[in-house]
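Q: Pasting the sequence and the predicted model now:
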Amino acid sequence: MKKLLFCVMLCVAIGATAKEKKDDSKYLKGAVPEVNGIITFKKSFSVPGKSSQEVKNVMKTFVNDLVEKSIPAPGNFARIMEDNDEGIVARVCEWMVFTKKFMNLDRTRFRYQIDVSVKDTRVEMAIHQLTYYYGENVEGEGGQIFKAEEWISDKEAMNKAQTKLYPKSGKFRRKTVDRMEEIFDDAMDAFEQEEEIVPVKPVRKSVVEN
C-alpha cells in the first residue's frame, strides 16, 4: 500500500514538474504587438497570378464567413462595417475555449475588428479592438469585459523580468496569439485550389508572404 501511494505521489510530482516546464517562449515579449498603444496584429501577403478583383473577392468571402459564424454579443456587434473597392472592415465575435471537459467549461466571448485592404495583388490585414467578455452565467449575464490592452499586453500579462506569463491573463494571451495565427493562415490558404489535397501543413503555391 505504501509503495502504491508513493508511486501515485511520484506521478503527480512528475506531472506537475512537466506542466511547470511548459515552453511559453512563443508567447513572451513581442508576441502581442502594439501600434500607438493599441494591440494590433498585422499580416501582409501577395497573390501573384491573380487579378486584383479575384483577390478582393476571395478576401471578402473570407471575412463574410467570419461574420456569419459569429456568436451573439451585446448590441449589434458582429457585422460588416465597410465593404468597398478599398477593402472590407468587419467586427467578429466568437468563442475562445480554454477548457472543455465534463462539468468544466471555461471560455470567453472574444470580440475583434478585422480590416482588410487590397492593392493590386497585395493583401494587408489588421486585427485590433480586441475584447473579452468573461465569467458570464448560464443566462449570459454577470460577466466582465476586458480590453486586450489592459489584459494581454507585455506589461499586463508577464512578470517584470518578462520571463513568465501570469496564470489568468496568460491563458488569454496564449489563445489570442494562436487564434491570430490561425486567422492569417486561413486567409492565405483560401487562395489555394479547392481540388488539391491539402497536407497536414499546407504548402502554399499561390501566396507570397511579405
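A: That came in fine, so what should we check first?

Q: residues in contact with Gly49?
A: Residues near Gly49 by CB atoms under 8 Å, 6 or more residues apart in numbering: 121, 206. All C-beta spots, glycine's among them, are computed from the backbone N, C-alpha and C.

Q: ignore the last one, Asn210
A: With contact taken as CB under 8 Å, 6+ apart, Asn210 is in contact with 44-46, 122.

Q: Assumed Phe110 was part of a helix.
A: No: the assignment for Phe110 (DSSP: H, G, I helix; E, B strand; the rest coil) gives strand, which keeps it out of a helix.

Q: And the pLDDT at it?
A: What the model reports for Phe110 is a pLDDT of 97.

Q: Could you do Leu4 as well?
A: 43.

Q: swap in Asn76?
A: With respect to pLDDT, Asn76 has a value of 76.

Q: and it, helix, strand or coil?
A: Secondary structure, three-state DSSP: Asn76 is coil.

Q: change the start of the numbering to 520 and stick with it
A: All right, first residue 520 from here; so that's Asn595.

Q: quick one on the thing from earlier: I'd like to know which of the contacts of Asn729 are part of helices.
A: Among these, no residue falls in helices (DSSP state H).

Q: Would you show me how to pick out the buried ones of these in PyMOL?
A: The PyMOL command for the buried members of the contacts of Asn729 (criterion: 16 or more other CB atoms under 10 Å) is given here:
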select buried, resi 564+565
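
Q: Out of the contacts of Asn729, which sit inside strands?
A: Judged by DSSP state E, these include 563-565, 641 as members of strands.

Q: I'd like the residues you listed as JSON lines, with pLDDT and distance to Ala706 appended.
A: JSON lines is the format used below for the ones in strands among the contacts of Asn729 (pLDDT from 0 to 100; distance: CB to CB, whole Å):
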{"residue": "Ser563", "pLDDT": "98", "distance to Ala706": "11"}
{"residue": "Phe564", "pLDDT": "98", "distance to Ala706": "8"}
{"residue": "Ser565", "pLDDT": "97", "distance to Ala706": "13"}
{"residue": "Arg641", "pLDDT": "96", "distance to Ala706": "13"}
